[in-house]
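>>> Quick check, what structure comes out for this input:
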Amino acid sequence: MQIGILETGHAPDALRPELGDYSDLFERLLGGHGFAFRRFDVEAMEFPGGADACDGWLITGSKHGAYEDHPFIAPLEELIREIHAQRIPLVGVCFGHQIIAQALGGRVEKFAGGWSVGRKSYDFEGREIALNAWHQDQVVTLPEGARVCASNDFCAHAALAWGDHVFTIQPHPEFGSRFIEGLATTRAIGVVPQDQIDYALANLDKPVDADILADRMARVLKGAA
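Residues are numbered from 1 along each chain as shown. From the prediction side, this is the model:
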């Protein structure tokens, strides 16, 4: 089964030699589920020929805002609507979560409450799950047909689903402690408030439930949600 990874951004240059790019993180997260992967750098306007070019799709995180004016935003939204209309499996993480919601009629904005970084707990349909977060933007208005699968006091729409074929999540199951540490000491400086950076660094040794989310993402991508 071939999964197309739609790359909407890239990991910081300083982290890539050791930890890889965003697509590498997802391929490691979903390793063992029988997937083959094909990458499309949509940020650089490298798009597939259509929704049926792969068996399923995954949209990565990005430093960009879904509401910003970049050349790749409109064609990506059109591709998302095509994938959804054909009920092809689709997963989005962070920016991927946001752009899918926006493409399907929701609203994304820079959250007035500020940043969420580091290990956070979420209520996943009655089950507490911890994951690493790294975002300021949020989905603030739900699209039609979306159901909320996870939330916490800071992020009301932390995971969404449409039927059994689309699943999106605001935090990052693909980010391990080493990647969070790298972001905190590179990309965060002068951007994220220092108390948030300190919190993220202080919680690096606490476990997260990435495997639980990897299994859920894999079930969606296999059409077995």
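
>>> quick one, helices of the protein?
Listed in chain order, the helices of the chain (DSSP state H) span 16-19, 22-29, 73-85, 95-103, 177-185, 194-202, 210-221.

>>> For the longest one, C-alpha coordinates in CSV please.
As requested, the backbone C-alpha atoms of helix 73-85 are provided in CSV (Å, rounded to 0.1, in the frame of the first residue of the first chain):
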residue,chain,number,x,y,z
ILE,A,73,-2.2,26.6,-0.4
ALA,A,74,-5.0,26.8,-2.9
PRO,A,75,-4.0,23.7,-5.0
LEU,A,76,-3.5,21.8,-1.8
GLU,A,77,-6.9,22.6,-0.6
GLU,A,78,-8.4,21.6,-3.9
LEU,A,79,-6.5,18.2,-3.7
ILE,A,80,-7.8,17.8,-0.1
ARG,A,81,-11.4,18.3,-1.3
GLU,A,82,-10.8,15.8,-4.1
ILE,A,83,-9.4,13.2,-1.8
HIS,A,84,-12.3,13.7,0.6
ALA,A,85,-14.9,13.5,-2.1
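
>>> how close does residue 206 sit to residue 4?
The gap separating residue 206 from residue 4 is 33 Å, by Cβ to Cβ, to the nearest Å. Heads up, the C-betas are built off the backbone N, CA and C, glycines and all.

>>> okay, these two: which has more neighbours?
residue 4 (23 against 11; other Cβ atoms under 10 Å).

>>> Would you confirm that that one contacts residue 53?
Yes - using Cβ atoms under 8 Å, residue 4 is in contact with residue 53, at 6.4 Å.

>>> Nearest the geometric middle of this structure, what residue?
residue 93 (1.1 Å; Cα atoms, centre = their mean).

>>> confidence score at that one?
Note for residue 93: predicted pLDDT of 98.

>>> Just list whatever residues bridge to it.
For residue 93, the beta-bridge partners are residue 169 (DSSP bridges).

>>> OK, contacts around it?
26, 58-61, 168-169, 172-174 (Cβ atoms under 8 Å, 6 or more residues apart in numbering).

>>> Let's see that with 10 Å instead.
Applying Cβ atoms under 10 Å, 6 or more residues apart in numbering to residue 93 gives the contacts 22, 25-26, 29, 58-61, 100, 159, 167-175, 213, 217.
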